[in-house]
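Q: show me the folded form of this:
(one chain, ligands or ions: 2)
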Amino acid sequence: MILRGDNAAFLVACLVALFLAYMELAPDGRTAVTFLAVAVVTMGLPHGAIDAWYAERRGFTGDGWQGSVVFYLWYTGLAVLTAVVWFLFPVFSLCVFLLISAWHFSGDWRDHLVSLERLAAGITLVSLPALFHPESVQVLYSALTGEPSSTIVVAQSFSAVVFGVFLFLSILYRAPRQPQFLFESSILLVCAWALPPITFFLVYFCGLHSVRHLLRILKGAGYRVGLSAFLHTLLAVLIAMTAWIIFPAHIEIEQLLLGTVFIGLASLTVPHMLLHDVLAHLHKAENS
Ligand SMILES: CC1=C(/C=C/C(C)=C/C=C/C(C)=C/C=O)C(C)(C)CCC1
Ligand SMILES: [Fe+2]
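A: Ligands and ions are numbered 1, 2, ... in the order given. Sure, this is the predicted structure:
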């Protein structure tokens, strides 16, 4: 069956966003960034906030409180290091962030696509906004890096076409054709075209990525994980607010929010990915 619980949320989010876009009410600019911040905090952050619980359950933290302390130290240390590298080398960091995000998001279709197709799906996903809305994406990238960043937009537009066509042909000639992926990718394509870049990201990240990740990881979990997710989300928000206060006061609020959300996401993505895409895979290989 195509419409499972985990894409009902996604479908609703897409339909609402597309309806708003059709009515010319799709959030953009400051409204989109504000929606993004609220949605990332309420729906996006909890998917990373269960990482401590996940690491403990998978046996990555070792026994006792010392193991947990080591986990927190490397997780937050890596996040802080990423943020520092971003401020020192923003353009380089944005490129790396886009690449690792493509890889991380490709995991959403690990049950539907083979590895090369998955990677093509991840690259196409993060590149489509640059193909359909190059000016808006360039404005966002410049706000995040302080540089024009137009080369990144051109490279991404090109990648979206090359990897998108490869993916389309590969699926066309392959059996079984994975109806669920076809369904989701067609909706994502329409959303990438019809919605402003941030609204598109919001719909995908909160409606599909986070929901799927949470459902996969939380299978059979008890109530303790809910509490853990809540406390870690709260911690991330407090840290973001501190960063917000530390940022130079002359920066405009919209840019401040954008920077906090995306640079914060980039920083948390590095340890989050290491845990789910590297450690979990190494562990699986060891045990198989
Ligand atoms: C900055 C930016 C983009 C990319 C965002 C990415 C790539 C976010 C990745 C988040 C991750 C990997 C979270 C982890 O779970 C868009 C939407 C292309 C266009 C608008 C500006
Ligand atoms: Fe994730």
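Q: now do the SS call for His112.
A: The local conformation at His112, judged by DSSP: H, G, I helix; E, B strand; the rest coil, is coil.
Q: for it, which residues are in contact?
A: For His112, the contacting residues are 178, 180-181, by Cβ atoms under 8 Å, 6 or more residues apart in numbering. Where C-beta positions appear, they are placed from N, C-alpha and C, glycine not excepted.
Q: of these, which is the most crowded?
A: For these, the largest number of neighbours (other Cβ atoms under 10 Å) sits with Phe181, at 20 neighbours.
Q: is that one in a helix, a strand, or coil?
A: With three-state DSSP as the basis, Phe181 sits in helix.
Q: number of nearby residues for the residue in the stretch 1-150 of the chain that ligand 1 sits nearest to?
A: Distances between the stretch 1-150 of the chain and ligand 1 by Cβ to the nearest ligand atom are smallest at Ser101, namely 3.5 Å. Per other Cβ under 10 Å, the neighbour tally for Ser101 reads 21.
Q: pLDDT wise, what is it at?
A: Ser101 is assigned a pLDDT of 92 by the prediction.
Q: just to check, it is in contact with Val270?
A: No: between Ser101 and Val270 there is no contact, the gap being 10.5 Å when judged by Cβ atoms under 8 Å.
Q: could you find the closest non-adjacent residue to the residue of the stretch 1-150 of the chain closest to ligand 1?
A: In this structure, Ser101 finds its nearest non-sequential neighbour in Val126, 5.4 Å apart by Cβ to Cβ, 6 or more residues apart in numbering.
Q: still on that earlier bit, residue contacts, the residue of the stretch 1-150 of the chain closest to ligand 1?
A: In this structure, Ser101 makes contact with 122, 126, 269, judged by Cβ under 8 Å, 6+ apart.
Q: same deal with Val16?
A: Neighbouring residues of Val16 by Cβ under 8 Å, 6+ apart: there are none.
Q: number the chain from 448, please
A: Sure, I'll start numbering at 448, so the last one becomes Val463.
Q: correct me, but Ala468 touches Val637?
A: No: taking Cβ under 8 Å as the contact criterion, Ala468 and Val637 are not neighbours in contact, 9.9 Å apart.
Q: which one's more surrounded, those two?
A: Ala468 (20 against 14).
Q: how much space between that one and Phe647?
A: Taking Cβ to Cβ, to the nearest Å as the criterion, Ala468 is separated from Phe647 by 10 Å.
Q: cool, and Phe630?
A: Phe630 sits 17 Å away from Phe647 when distances are taken as Cβ to Cβ.
Q: cool, Val608 as well?
A: Using Cβ to Cβ, one obtains 17 Å as the distance from Val608 to Phe647.
Q: those two: which is more packed in?
A: The residue with more neighbours, out of Val608 and Phe647, is Phe647; 26 against 14, by other Cβ under 10 Å.
Q: which of the three states applies to the more buried one?
A: Under three-state DSSP, Phe647 comes out as helix.
Q: model confidence score at it, please.
A: 91.
Q: wait, doesn't it sit right on Ala639?
A: Yes: using Cβ under 8 Å, Phe647 is in contact with Ala639, at 5.2 Å.
Q: okay, and the common contacts of those two?
A: 575-576.
Q: quick one: contacts of stretch 518-537?
A: Residues external to stretch 518-537 that are found in contact with it (Cβ under 8 Å, 6+ apart): 498-499, 502-503, 507-508, 540-541, 544, 591-594, 690, 710-711, 713-718, 721-722.
Q: which residue is nearest the middle of this structure?
A: Here the mean C-alpha position of the chain is nearest to the C-alpha of Phe652 (Cα atoms, centre = their mean), at a distance of 5.3 Å.
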